[in-house]
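In: turn this into a model:
(chains A, B, C and D, ligands or ions: 2)
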Amino acid sequence: MKPLLDLEEAIAQLKSAIVRETEPGKQEEYQGRIEGYEKRRDNVLDIMFSRLGPWEEVLLARADPRPYTLDYVSAIFTDFIELDGDRRAGADHAIVAGPAMLEDRPVMLLGHQKGRNLTERTFRNFAMAKPEGYRKAIRLFEMAERFRLPVVTFVDTPAADPGVESESRGISEAIAASMLAMFKLTVPTVSVIIGEGGSGGAIGIAASNKVLMQEHAVYSVIPPEGCAAILWRDPAKKDKAAAALRLTSKSALELGLVDQVLPEPRGSAYRNPLEAAETVKDGILEALSELDRLSPQEVKAHRYSRFRSMGAFLA
Amino acid sequence: MKPLLDLEEAIAQLKSAIVRETEPGKQEEYQGRIEGYEKRRDNVLDIMFSRLGPWEEVLLARADPRPYTLDYVSAIFTDFIELDGDRRAGADHAIVAGPAMLEDRPVMLLGHQKGRNLTERTFRNFAMAKPEGYRKAIRLFEMAERFRLPVVTFVDTPAADPGVESESRGISEAIAASMLAMFKLTVPTVSVIIGEGGSGGAIGIAASNKVLMQEHAVYSVIPPEGCAAILWRDPAKKDKAAAALRLTSKSALELGLVDQVLPEPRGSAYRNPLEAAETVKDGILEALSELDRLSPQEVKAHRYSRFRSMGAFLA
Amino acid sequence: MRTGDASASRFVQCQNCKKTLFATDFASNLKVCAYCGHHHRLTWRERIDWTFDEGSFVETDTELVSGDPLQFPDYQPKHLAAQEKTGMADSVVTGRATIQGVPVSIAISDFHFMGGSMGSVAGEKVTRALERGCDERIPVVIFCASGGARMQEGLLSLMQMAKSTAAVERCQREGVPYIAVFTDPTMAGVLASYASVADVILSEPKALVGFAGARVSKQAQVVKAPDDFQQAEWVLRSGMLDRIVERRDMRATLGSLVRMLGAHLRGLEEKLA
Amino acid sequence: MRTGDASASRFVQCQNCKKTLFATDFASNLKVCAYCGHHHRLTWRERIDWTFDEGSFVETDTELVSGDPLQFPDYQPKHLAAQEKTGMADSVVTGRATIQGVPVSIAISDFHFMGGSMGSVAGEKVTRALERGCDERIPVVIFCASGGARMQEGLLSLMQMAKSTAAVERCQREGVPYIAVFTDPTMAGVLASYASVADVILSEPKALVGFAGARVSKQAQVVKAPDDFQQAEWVLRSGMLDRIVERRDMRATLGSLVRMLGAHLRGLEEKLA
Ligand SMILES: [Zn+2]
Ligand SMILES: [Zn+2]
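Out: Ligands and ions are numbered 1, 2, ... in the order given. Just a heads-up that it's a prediction; the model follows:
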């Protein structure tokens, strides 16, 4: 990352210098140097990103500055009204949810939410949802069905919460019941894997008609560290595990498990969140407009077939 | 109760004497005396029961030896398999539930269960169901709907559990959602008030097509003690409250809020639980056979109309 | 709030922080204390004026009056006194209104009328408000404020819980959005029926919301109750509420909700256009 | 259980209380320890013999074999070794059988095959067992025994959770009863999908049932785990199970359940007559 950071710093210095500069001709000169540096920076980025290994993809998918669900929500939707509560046991801030407007149509939104600092992360429980989160999801899926709202979910979680309390309130049942609730829907559902698609915690809200995946998101049945620890008794073999698990967007598309990969701006989504959001928005709109052609019963049947066909075996 | 107990004791003594008696003719003499005492006992019972005030009805409905839900279940049904769990947070033993055979048809059973000694009462939480109990009920109502099982509920609770934990898991929501689940059903539902029909805790599982009430059960919006405490700042005025609340089976029938009063054996159900159960069984069978004539949608509409018409006002 | 000796007093005292407020400021702040944010109870009329579009409210079901079906001791004089005090026929007012232009069926419970208790009339009115939403394909908004069922109507009051819940089931089945707003207090038989099964539940800050009186709940348990037990904030943490909404934001929040959740109802878009 | 040096040993040792048992007694007691009641793990064949009507089982879906779609390191040799050890094609066996005369569609997971893990084949077989119940209008009974998803098939394994759950939704919609029996262990990806959404969930005593490994769960929390954390008895208290059923009572319990819950299925009564 060193050359990249040096370039970024040089660009920033020139940009601030340009503001103060009064000598005639200097501004143009600075501008030219900026453009040169930017070109070199873009080259560095292109080279870096062309060589990303699966483990680096994992790090990127988990990276702090990456846009989170609420960033996309505010960039893509309007009038979002967050609704809370599972009407059973608690509020869960690892999943945010509620109706919002997508251009001129109301939809039901739902997504894992990470935090950017310790306070936020604690409040969001590191985006690890408890049973309450999935039961809130179920409640809102049912509401979406009643009011004919398409559902859009954003997936970004390391895993569902594995604690004793989550076990005692049935985290497994909550995940399964959330998938089951999604399979009941006759309104279209679209999921976008925007960061970490972590195992059961992810699929719990991703049993959708269309599943889109951002270029640098990952989607996996188990975290590479866990896989390495179990199979090779060595969490350090996480690179090997990351490669073996085929958890990148490219692999997921090749395996036919996601419908579309959403390209990210040069240097990944955090370098240009609005451009990233625009691509996500287009992806969602396109997916919904395809699904709009189906009748409610066809929507449901489409979702069933989508998952029914998944699996690779000799037969 | 003194004369009644004296007579009972005399009858019991004679009955045990008769077994040991060898002198000829004596048995017949004893038998005659027994019959005399029994007649007098029956007279005493008839007089006692003809003079029962509302508060005494409350005491009788709460009385220890009164048959409880599981007594009726074992007398009326076969093959009962108790199912447990709300799939949310816990097991609740204040409500028992599961499928069973009613003669040759399977039904879904559900009822509050009291205990007869301290251990049982603690285990049953004095038949005060927590949110878990009502959510188990909802789960089984939905199962009954899927498998076309008529639902039979037995109501016998002082109230829903009012504790802090019940509040924190939404006891109010659980009761309301249980009623709502009952209103969704297109299978016939029959409820029998067998003891204490205590307020929200009772109606939570009594939103049925047919509501039967045993002669000496009570059904009330609030316990008389609570009513007296609130209205007259004097819990001792419970007699006055019991009378004012019109909580007897006779009143409930007059008000049109129950469909049928099920007569109890002389001296109330506990004096002849099998005869009481026979009457309850006949009541259930008759109610179901009436409802069997309706289509699923008619069953649902019938239940709606039943409750829709309740209320007394000038208009 | 206390208004001093004269009802036309220029000053009122906040019921919570006890600070003195100008009556005009207090009213223009929707009876929310400028110092501590305490939301004082409103009359049904204030609620309508401060929530729905101006002049849009048309009352319905005014013909319904309690008949004292149980001849319950002292019920009639109490009921008459409540009528005189409030000018209401019973604890719930129903009607049609619009909110940010969206037509809605509404019911408002007023705690000043016998503690907002639900007898046959309140139950019938709430039920009609819900059914009206279905019949006219418009969202339903209900403001709750109640100590629970009205014991003076005995079992008839208990049955109102079932009746009103049945109407909620009909709304769910027919895709009619139903939004409940809990205000101080929303308790017992009302909470344990139509109030808790709304699609969306909003609450005013610090409203008391619970099944049993706090004394009863705390007695019944070894578990220690938290300091804000049965307050809206605690109820939100317990997962039973969707949002706590300040009074000044209520109109906008309700407006967005009925607009989005009700968009599918036949003709709602046209009505909006 | 340990069977000593020779597999034909006359003695076995209980895995729980370590007492020595006659192999013949042990087998006739369905591999339940006569001293401590410990339910030892069964092979799929034992499970079928000891649960369903004698000779009624007909296997289906035998053609399905894993294709190592990810070319995952060491997967093929491991899979081959498991096949040789167990004589199974993969961790789940499916088919038709009758229980007390009632025809059912069944799936049995065997922990001895790669920890009963669910890859594409297991997921497909469970899904087919559920769909077969729908197609043939007969109840579905699934015995679970699994450490979770099979990581060697990566995301494909995760998708089996969704696929099998979709099939459960179909059963629910079509009124086909589905009974799951948890045996030791029922964990992770299997528990978090088709297993937990059965109509009725039975469990063998003391079966380990949980989402995360107990070590992970306990690490993650300040809350102390109870001594029997993730044991069936604790899971029952947590509301996630319907009953704990001893192995000797399993047949009768399942028989009554499929008879009563499946009575409405077209022709089931006739099939019984
Ligand atoms: Zn104040
Ligand atoms: Zn042993």
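In: now do the SS call for the closest residue to A:Tyr270 other than its chain neighbours.
Out: Distance criterion CB to CB, 6 or more residues apart in numbering or on different chains; nearest residue to A:Tyr270, sequence neighbours excluded, is A:Pro65 at 4.0 Å. C-beta here means a position set from N, CA and C on the backbone, and glycine is covered the same way. Assigned with DSSP: H, G, I helix; E, B strand; the rest coil, A:Pro65 falls in the coil class.
In: A:Pro65 and A:Gly267 touch, don't they?
Out: No: here A:Pro65 does not reach A:Gly267: they are 10.8 Å apart, not a contact under CB atoms under 8 Å.
In: the two: which has the busier surroundings?
Out: A count of neighbours by other CB atoms under 10 Å in any protein chain shown puts A:Gly267 above the other of A:Pro65 and A:Gly267, at 18 against 11.
In: nearest residue to that one other than its sequence neighbours?
Out: Per CB to CB, 6+ apart, closest to A:Gly267 is A:Leu45, 4.3 Å.
In: give me the local confidence score for that neighbour.
Out: Looking at A:Leu45, its pLDDT is 89.
In: also C:Ala225?
Out: 85.
In: if we can go back for a sec, pull the number of nearby residues for the residue nearest to A:Gly267.
Out: Other residues lying near A:Leu45 total 17 when counted by other CB under 10 Å.
In: what's the spacing between it and C:Gln15?
Out: Using CB to CB, to the nearest Å, A:Leu45 is found at 62 Å from C:Gln15.
In: and if you look at C:Thr51?
Out: For C:Thr51, the distance to C:Gln15 - CB to CB - is 21 Å.
In: contacting residues for the residue nearest to A:Gly267?
Out: A:Leu45 makes contact with A:4, A:266-267, A:271, according to CB atoms under 8 Å, 6 or more residues apart in numbering or on different chains.
In: any idea which helix or strand comes after the one helix or strand it maps to?
Out: A:Leu45 is located in helix A:26-50, with elements delineated by DSSP states H and E. Downstream of helix A:26-50, the first helix or strand assigned by DSSP H and E is helix A:54-62.
In: now the helices for the stretch 151-300 of chain A?
Out: Applying DSSP state H, counting those that start in this stretch to the stretch 151-300 of chain A gives helices spanning A:164-168, A:171-184, A:199-203, A:224-232, A:238-245, A:249-254, A:273-291, A:296-308.
In: so which elements touch the third one?
Out: Spelled out, that is helix A:199-203. strand A:151-157, helix A:171-184, helix D:154-173, helix D:188-191 (3 or more CB pairs under 8 Å, 6 or more residues apart in numbering or on different chains; DSSP states H and E).
In: quick one: closest of these to C:Arg137.
Out: strand A:151-157 (22.8 Å; CB to CB).
In: give me the angle between the closest one and helix A:171-184.
Out: On the basis of axes from the mean of the first three to the mean of the last three CA atoms, to 10 degrees, strand A:151-157 is oriented at 150 degrees to helix A:171-184.
In: now strand A:151-157: average pLDDT?
Out: Per-residue scores along strand A:151-157 average to 98.
In: understood, closing this out.
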